[in-house]
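Student: Predicted coordinates and the sequence they were generated for:
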Amino acid sequence: MPENQSHIPMPQTPMLQEISPGNLLNPTSDLMERWTFIQELAGPIGANAILARDKAETDHLTGLLDRNGLKDRLAQLNANSNVNPEDISLVFIDLDNFKAVNDRSTGRHETGDEVLVEFGKFLKSLELRSGEVAARWGGDEFCIVINTNNPHNGKRNPAISKEEAIKGFTQRINDKIRDIAIRIGIPELGVSYGIVDHKPGEKVNDFIARADREMYAMKEQKKQSNLDNL
């Protein structure tokens, strides 16, 4: 979705964090309470419009936001006068040597899609707070938006700084990818990151592009390090 395209505003509430079309097809009492809250807040028409928009911005393989959904959420944060841009960070994730997963997959091994689905479920399990999202950018690339504007909103310890939260996320991601690599017998499977803080006045596309460049810089450093060790 282009940055200047109008969109239906989403109520800024932690109760929306786990609502998704897929979840509502198999609802729990907790999710139905959240859905009822949305209907009361936005009205039946507005609630259905929010649901339709979220469905259109959901990656069908992993159930995470897709790239349009990511851009839309970042645009909402940009437009929110209560959010300090410098409180927002973007973690751009790329799975290293992912091609080897599909190249070696057989009837006895997991396919690339199965690995992506598992990784998507893992990202959903992270303690993200209101204003924070995980998304699949495309292929084997993912993003996490970190927002420290509302430190008392969500499961994470409010005393944890943004830097500590990012370090914790990346360590857990490293551990998860290492576990997958060992299980599927592809030790070269790894992960690279591009981590950037939002600059005041920065456009969404520029913000994402900076994180993307940082991620590729890390990949190049790894390649050079591997060459140096030959």
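Tutor: Okay, I see it.
Student: Okay, residue 138 and residue 57: tell me how far apart.
Tutor: Distance from residue 138 to residue 57, counting by C-beta to C-beta, to the nearest Å: 13 Å. Heads up, the C-betas are built off the backbone N, CA and C, glycines and all.
Student: typed the wrong thing, it's residue 203
Tutor: As judged by C-beta to C-beta, residue 203 and residue 57 stand 19 Å apart.
Student: now residue 69
Tutor: Residue 69 is 3 Å from residue 57, by C-beta to C-beta.
Student: ok, now residue 180?
Tutor: Residue 180 is 26 Å from residue 57, by C-beta to C-beta.
Student: again with residue 125
Tutor: In terms of C-beta to C-beta, residue 125 sits 20 Å off from residue 57.
Student: Helices of this protein, start to end?
Tutor: Assigned by DSSP state H, the helices in the chain fall at 21-25, 29-56, 67-79, 99-104, 112-124, 162-184, 204-228.
Student: okay if I get these as JSON lines plus mean neighbour count?
Tutor: Below are the helices of the chain laid out as JSON lines (neighbours: other C-beta atoms under 10 Å):
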{"stretch": "helix 21-25", "mean neighbour count": "12"}
{"stretch": "helix 29-56", "mean neighbour count": "15"}
{"stretch": "helix 67-79", "mean neighbour count": "20"}
{"stretch": "helix 99-104", "mean neighbour count": "14"}
{"stretch": "helix 112-124", "mean neighbour count": "18"}
{"stretch": "helix 162-184", "mean neighbour count": "16"}
{"stretch": "helix 204-228", "mean neighbour count": "15"}
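Student: and these as JSON lines, adding distance to residue 91 and mean pLDDT?
Tutor: Conversion of the helices of the chain to JSON lines gives the following (distance: least, C-beta to C-beta, whole Å; pLDDT from 0 to 100):
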{"stretch": "helix 21-25", "distance to residue 91": "24", "mean pLDDT": "42"}
{"stretch": "helix 29-56", "distance to residue 91": "22", "mean pLDDT": "54"}
{"stretch": "helix 67-79", "distance to residue 91": "12", "mean pLDDT": "92"}
{"stretch": "helix 99-104", "distance to residue 91": "22", "mean pLDDT": "88"}
{"stretch": "helix 112-124", "distance to residue 91": "10", "mean pLDDT": "95"}
{"stretch": "helix 162-184", "distance to residue 91": "6", "mean pLDDT": "92"}
{"stretch": "helix 204-228", "distance to residue 91": "7", "mean pLDDT": "93"}
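Student: Turn those helices into TSV, including distance to residue 191.
Tutor: Formatted as TSV, the helices of the chain follow (distance: least, C-beta to C-beta, whole Å):
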stretch	distance to residue 191
helix 21-25	25
helix 29-56	27
helix 67-79	18
helix 99-104	13
helix 112-124	9
helix 162-184	5
helix 204-228	9
